[in-house]
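Undergrad: Need coordinates for the below:
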Amino acid sequence: MKPQLLKVANNPVNSFSARRDNVPYINNRWHYHAEVELIYFKKGNGTQFIGDSIKRFRSGDVVLVGAHLPHYWRFDDNYFNDEKSNADVVVVHFCENFWGNSFLNLPENKSIKLLLERAQRGVQVQDKSKKLIGELIESILLSEGPKRIILLVEALLAIENHSQSSLLSSIGFRHDFEETENDRINAIYNYSLANFKRKIQMEEMAAVANISPNSFCRYFKSRTRKTYTQFISEIRVGHACKLLIEDSMNVKQICYESGFHNFASFHKHFKIITGKSPLSYQKSYLQK
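TA: Residues are numbered from 1 along each chain as shown. Next comes the predicted model:
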């Protein structure tokens with residue numbers, strides 16, 4: 001499954017790019033690029049794919065994605081169908097050596113170098129510090145000259161030294177860049193996200209991927225290091241997390257709304273993926 005290589009637009013006035021996106025379909029596909037990506041979801045919810053990690057993203061999240069690490073931000077359907085649901089995302093792209101080849105080797109910059117090494121698996125900020133980090137990222141848009149670089153350094157240092165963060169993709173994730181597989185992952189992801197609420201047959205997915213059913217199972221696991229059943233369960237659990245946080249349905253309703261066909265299966269997969277029961281997850285989030 002080949003992610004698409006994107007060329008990040010460079011402004012000759014600046015050494016790295018920073019922009020604000022207010023539409024949900026910017027780079028709304030499985031892709032990678034040579035630049036490190038620092039993204040702040042000031043407003044927006046959806047499903048994020050980073051390497052072999054599948055998680056929900058929501059307003060306030062901050063994520064650092066390393067160079068050449070495939071990723072995909074899929075906003076929820078309401079951002080495409082409802083004019084009142086507006087996205088607001090600030091994204092920064094920079095090359096690891098844009099500040100010079102020796103900068104990261106300075107002893108004072110050891111923590112930044114370590115963070116960028118961790119970013120090869122994707123780094124997600126977990127605690128309340130993401131608000132401050134988001135404000136630093138947003139300030140880059142309004143700054144000029146050396147101040148832009150200073151703010152970027154401050155944001156990176158805040159992630160490494162003053163926040164709780166987690167790695168996203170597994171250490172064994174490998175991506176395949178064969179040209180013949182250019183659009184296959186996008187087709188698989190988009191079809192799965194559009195249909196996860198019902199039972200999906202392997203024959204369907206094989207047709208989407210344009211290979212035989214038996215070949216699809218082997219192919220998918222060889223590329224993602226997980227079965228398609230595990231993959232679709234993670235999408236369903238992610239959707240269940242969203243509904244639990246919204247707190248507008250009871251747990252049984254959420255079970256079926258998320259694509260599970262019995263409560264025992266829902267509870268089992270939810271605990272395997274999140275480490276908590278649905279009610280414990282909801283309680284821990286609402287207490288925040």
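Undergrad: what residues are up against the residue at minimal distance from the centre of the chain?
TA: Geometric centre of the chain, nearest residue: residue 48, 3.0 Å, by CA atoms, centre = their mean. Contacts here follow CB atoms under 8 Å, 6 or more residues apart in numbering; on that basis residue 48 touches 54, 55, 56, 57, 63, 71, 72, 73, 74. Using the backbone N, CA and C atoms, a C-beta is placed for each residue, glycine as well.
Undergrad: got a markdown table for these, with pLDDT and distance to residue 139 too?
TA: A markdown table is the format used below for these (pLDDT from 0 to 100; distance: CB to CB, whole Å):
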| residue | pLDDT | distance to residue 139 |
| --- | --- | --- |
| 54 | 88 | 31 |
| 55 | 89 | 26 |
| 56 | 90 | 26 |
| 57 | 93 | 21 |
| 63 | 97 | 18 |
| 71 | 90 | 24 |
| 72 | 90 | 27 |
| 73 | 90 | 22 |
| 74 | 90 | 28 |
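Undergrad: which stretch of helix or strand covers residue 89?
TA: strand 88-94 (DSSP states H and E).
Undergrad: One more: residue 117?
TA: Going by DSSP H and E, residue 117 is in helix 110-118.
Undergrad: angle of that helix against strand 88-94?
TA: For helix 110-118 against strand 88-94, the angle by axes from the mean of the first three to the mean of the last three CA atoms, to 10 degrees is 100 degrees.
Undergrad: Return the set of buried residues in helix 110-118.
TA: Neighbour-count burial for helix 110-118, with 16 or more other CB atoms under 10 Å as criterion, is recorded at 112, 115, 116, 118.
Undergrad: ok, back up a step: neighbouring contacts of the strand holding residue 89?
TA: 8, 15-22, 26, 33, 35-44, 134, 137-138, 140-141, 152.
Undergrad: Nearest residue to the residue nearest to the centre of the chain in space, please, no chain neighbours.
TA: residue 57 (4.5 Å; CB to CB, 6 or more residues apart in numbering).
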